[in-house]
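# Got a sequence here, can you model it:
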Amino acid sequence: MCVSVFFFCSLMAQHKLPPRFSPDNILKCVKKHRLFPQAEASIRLRIPGTNPYAAMAVILLLSESVEDVQSLVSLLNNCLPYTAISEYFHRMAMVLLAIKRETNVHISNRLHYNIYYVLHLMENGPFAVTVDDNSRHPQINLTTEQQMILSHEIQRDHVLKIMAFAGTGKTTTLVKYAGQRPHLHFLYVAFNRSVAKEAERRFPANVDCKTIHALAFRDIGVRYQRSKKLTYNMMPFSINSVLPKGRAGFRKSKIVMQTISTFLASTDEEIDLTHVPCFYESKKHRNTPIPERERPLFLEDARYVWRKMRNVRERSKPAFYMTHDGYLKLWQLSRPCLSREYDVIFIDEAQDWTSVILCRYQCL
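Residues are numbered from 1 along each chain as shown. A predicted model of the protein is given here:
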């Protein structure tokens, strides 16, 4: 991979522009990008001096989102014409494609997506960036759609959906929305811990950034932690050990486990027959129907295990330990009122969330 990066940087360093465009001026603009320090460190030992075209190439390799590529293009707007920027980016994409096809180096499709999506924006919806002289971080001027979101004054029970491609500035819009309303208390709910940690760095002080499980753990999960009764997931072998005689077996324990999991992801208050699957996967990976006479038995077993899981003092078997999705379900059933703490709630990547989570926020 190191050899490929060296070859790639050397190749892009040979990029030629008309004489009237100074490499020093281009480098001066590129230095304002947030990824330039890493790019400079990457190429310093491989290419003498700091070549702006090699630095631009490494910045694109290091880019994490469309926003990073947008920032680079917008900085280059101060020293290069549109055609020169477009030519460089098209060449970059073609070189990456050639390396991917002709070598064994793995190159993420995300790189091509970032580059070509920004080229699409350049052709169909120009964006602008201004740079603060006291900061290395470009400040992106918002689009018309983003400005409409910022001007919307949210009211109680309002639901505002922001739909856009990945990396196009949804989170940036929320950051600015909260920053313009310091008198309001916001909750930003992320899908996982790493996203929540990154959000803490970006959002202003009037925004609490948490995962949905962190909220549920604070109210419900902590009880099971104190009793040392938390586990990450249900396991078929553990479930099998607590099933009644004659109803045990790996296949049957998986059906019971699937029944409980379906219930935990639903908005229902009790486990019923609708949560019991109608099919199970056989050894040949075929869907085999579950006999109707057996489904009530699976329901009975699932209710038994769930009842034992809820009991904080029940630690006799690993199958009775509480999972993270389990205490999240109990939190949903407790109907917590987050509106007492927060004026507005931001939900990140809502399309990936289960019904039990979305129902919780619809009932605030």
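
# for residue 57, what are its contacts?
8, 9, 12, 13, 92 (CB atoms under 8 Å, 6 or more residues apart in numbering). (C-beta placed from N, C-alpha, C; glycine too.)

# let's go with 7 Å and repeat that
The neighbourhood of residue 57, defined by CB atoms under 7 Å, 6 or more residues apart in numbering, consists of 8, 9, 12, 92.

# Distance check, it against residue 116.
16 Å (CB to CB, to the nearest Å).

# what's the answer for residue 64, then?
16 Å.

# higher neighbour count, those two?
Shown here are residue 64 and residue 116; by other CB atoms under 10 Å, residue 116 has more neighbours (14 against 11).

# For the more buried one, which non-adjacent residue is closest in space?
Distances taken as CB to CB, 6 or more residues apart in numbering place residue 93 nearest to residue 116, at 6.5 Å, with adjacent residues excluded.

# That neighbour touches residue 114, doesn't it?
No. Contact criterion CB atoms under 7 Å: residue 93 and residue 114 do not qualify, at 9.7 Å.

# Could you point out the helix or strand that follows whatever helix or strand residue 216 lives in?
When elements are assigned from DSSP states H and E, residue 216 belongs to helix 212-216. From helix 212-216 onward toward the C-terminus, using DSSP H and E, the following helix or strand is helix 222-226.

# Enumerate the positions of that following helix that are buried.
Judged by neighbour count (16 or more other CB atoms under 10 Å), helix 222-226 contains these buried residues: residue 224.

# after that helix comes which helix or strand?
That would be, after helix 222-226 and using DSSP H and E, helix 236-240.

# Which strands or helices does that next one pack on?
helix 250-264 (3 or more CB pairs under 7 Å, 6 or more residues apart in numbering; DSSP states H and E).

# Buried residues in the helix it packs on, which are they?
Within helix 250-264, the residues scored as buried using 16+ other CB under 10 Å are 252-264.

# and it, what other elements does it pack with?
Helix 250-264 packs on helix 236-240, helix 295-310, helix 324-333, going by 3+ CB pairs under 7 Å, 6+ apart.

# 6 Å instead, please
Contacts defined by 3 or more CB pairs under 6 Å, 6 or more residues apart in numbering; DSSP states H and E place helix 250-264 against helix 236-240, helix 295-310.

# now the angle between helix 324-333 and that helix, please.
Counting by axes from the mean of the first three to the mean of the last three CA atoms, to 10 degrees, helix 250-264 lies at 30 degrees to helix 324-333.

# List the pairing partners of the very next helix or strand once past helix 250-264 within its sheet, with orientation.
Following helix 250-264 in sequence order, the next helix or strand is strand 279-281 (DSSP H and E). Using DSSP bridges, strand 279-281 pairs in its sheet with strand 287-289 (antiparallel).

# Below-threshold pLDDT in this protein: ranges please.
1-7, 17-19, 43-50, 123-142, 144, 166-167, 350-364 (pLDDT under 70).

# Show me the strands in it, by range?
Secondary structure of the chain by DSSP state E: the strands cover 129-131, 138-140, 186-190, 207-211, 279-281, 287-289, 344-347.

# Could you identify which of those strands is most buried?
strand 186-190 (a mean of 22; mean count of other CB atoms under 10 Å).

# picking that back up, residues contacting the helix holding residue 216, please?
189, 324, 327, 328, 331, 357 (CB atoms under 6 Å, 6 or more residues apart in numbering).

# That helix: which residues count as buried?
Quick answer for helix 212-216 (16+ other CB under 10 Å): 212, 213, 215, 216.

# Could you dump the helices and strands packed on helix 250-264 into CSV with mean neighbour count added?
Shown next, in CSV, are these (neighbours: other CB atoms under 10 Å):
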stretch, mean neighbour count
helix 236-240, 18
helix 295-310, 18
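
# Compare the ones you listed and give me the one nearest residue 345.
Nearest to residue 345 among these is helix 295-310; the distance by CB to CB comes to 27.1 Å.

# Would you pull up how far that closest one lies from the middle of the chain?
How far helix 295-310 lies from its chain's middle: 34 Å, per CA atoms, centre = their mean, to the nearest Å.

# on contacts alone, who are the packing partners of that helix?
Looks like helix 295-310 contacts helix 250-264 (3+ CB pairs under 6 Å, 6+ apart).

# Please compute how far the helix it packs on lies from its chain's middle.
Worked out by CA atoms, centre = their mean, helix 250-264 lies 28 Å from the chain centre.

# Next: stretch 336-345.
23 Å.

# just stretch 72-80 next, same as before
With CA atoms, centre = their mean as the basis, stretch 72-80 stands 29 Å off its chain's centre.

# List the buried residues of it.
Buried, per 16+ other CB under 10 Å, within stretch 72-80: 72, 73, 74, 75, 76, 77, 79, 80.

# Can I get it in CSV, CA atoms only?
Provided in CSV are the C-alpha atoms of stretch 72-80 (Å, rounded to 0.1, in the frame of the first residue of the first chain):
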residue,chain,number,x,y,z
LEU,A,72,-11.0,21.6,-0.9
VAL,A,73,-12.8,22.6,-4.0
SER,A,74,-14.0,25.8,-2.4
LEU,A,75,-10.5,26.7,-1.3
LEU,A,76,-9.2,26.1,-4.8
ASN,A,77,-11.9,28.5,-6.2
ASN,A,78,-9.7,31.3,-4.8
CYS,A,79,-6.8,30.4,-7.0
LEU,A,80,-8.0,28.3,-9.9
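
# And for it, what's in contact with it?
25, 26, 29, 32, 33, 59, 85, 118, 129.

# Report the buried members of those residues.
Buried among the contacts of stretch 72-80 by 16+ other CB under 10 Å: 26, 29, 32, 33, 59, 85, 118, 129.

# Now render these as JSON lines, adding distance to residue 177.
As requested, those are exported to JSON lines (distance: CB to CB, whole Å):
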{"residue": "26", "distance to residue 177": "34"}
{"residue": "29", "distance to residue 177": "29"}
{"residue": "32", "distance to residue 177": "25"}
{"residue": "33", "distance to residue 177": "25"}
{"residue": "59", "distance to residue 177": "28"}
{"residue": "85", "distance to residue 177": "30"}
{"residue": "118", "distance to residue 177": "24"}
{"residue": "129", "distance to residue 177": "19"}
